[in-house]
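*Asks:* fold the following for me, if possible:
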Amino acid sequence: MTEQDQNKEIGRRIPEEIFGGEGNFSLIDELVSDDFFDHGVPEGLPNGKPALRKFAEYFRSAFPDLTYNVEMTIAEGDLVTGYMTASGTQKGEYYGIAPTNKHISWKEMHMARIKDGKMTEHWALIDTYGMYKDLGAIKE
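*Replies:* So this is what the prediction gives:
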């Protein structure tokens, strides 16, 4: 397996197995470096590997049946980018939105830097407007 193929596999496993599926949070130790930095975390909020785990647990508590379907990955050098569809039923509070029991889906794009088989950096574009609209938090 080439380094690009390995990076694509890591880029697929993180959303599909940690955030989706059964929510295998123990994979964070296997797939994320100790010096991990997420470029999408708002200033003033915790960053790093422990914060990623806390967010994954929070997200899964809001959407316990969360699934990810990675539709496309592109790898070049130490970077991997994935385009995916996420879906789940909101059973818990999500950023101030009370549980709606609505099943929704949305699109996401993620880019990660991989070093020595672990994600060291992360960038994301997520259709949060679509999520909030589908949950009824945004009226048109």
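*Asks:* every contact and neighbour count from this point should use C-alpha atoms.
*Replies:* OK.
*Asks:* now for the residue nearest the centre of the chain: which residues touch it?
*Replies:* For the chain, the residue sitting closest to the mean C-alpha position, by Cα atoms, centre = their mean, is Pro15 at 5.0 Å. Taking Cα atoms under 8 Å, 6 or more residues apart in numbering, we find Pro15 in contact with 68, 70.
*Asks:* any idea how far it lies from Met111?
*Replies:* Separation of Pro15 from Met111 (Cα to Cα, to the nearest Å): 12 Å.
*Asks:* repeat for Leu66
*Replies:* Separation of Leu66 from Met111 (Cα to Cα) stands at 20 Å.
*Asks:* more neighbours, these two?
*Replies:* Leu66 (24 against 20; other Cα atoms under 10 Å).
*Asks:* right, and that one touches Thr89 too?
*Replies:* Yes. Here Leu66 reaches Thr89: they are 7.2 Å apart, a contact under Cα atoms under 8 Å.
*Asks:* does the residue lying closest to Ser61 once chain neighbours are set aside count as helix, strand or coil?
*Replies:* The spatial neighbour of Ser61 that comes closest, neighbours along the chain excluded (Cα to Cα, 6 or more residues apart in numbering), is Gly92 at 5.8 Å. What DSSP: H, G, I helix; E, B strand; the rest coil gives for Gly92 is coil.
*Asks:* which ones are touching Gly92?
*Replies:* Applying Cα under 8 Å, 6+ apart, the residues near Gly92 are 61-63, 98-99.
*Asks:* can you redo those as CSV with distance to Ala75 and secondary structure?
*Replies:* Converted to CSV, those look like this (distance: Cα to Cα, whole Å; DSSP: H, G, I helix; E, B strand; the rest coil):
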residue, distance to Ala75, secondary structure
Ser61, 31, helix
Ala62, 31, helix
Phe63, 29, coil
Ala98, 38, coil
Pro99, 37, coil
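*Asks:* who wins for most neighbours among those residues?
*Replies:* Counting by other Cα under 10 Å, Phe63 has the largest number of neighbours within the contacts of Gly92, with 25 neighbours.
*Asks:* what about stretch 77-84, distance to the chain center?
*Replies:* 13 Å (Cα atoms, centre = their mean, to the nearest Å).
*Asks:* stretch 66-86 now?
*Replies:* Here stretch 66-86 is found 10 Å from its chain centre; the criterion is Cα atoms, centre = their mean.
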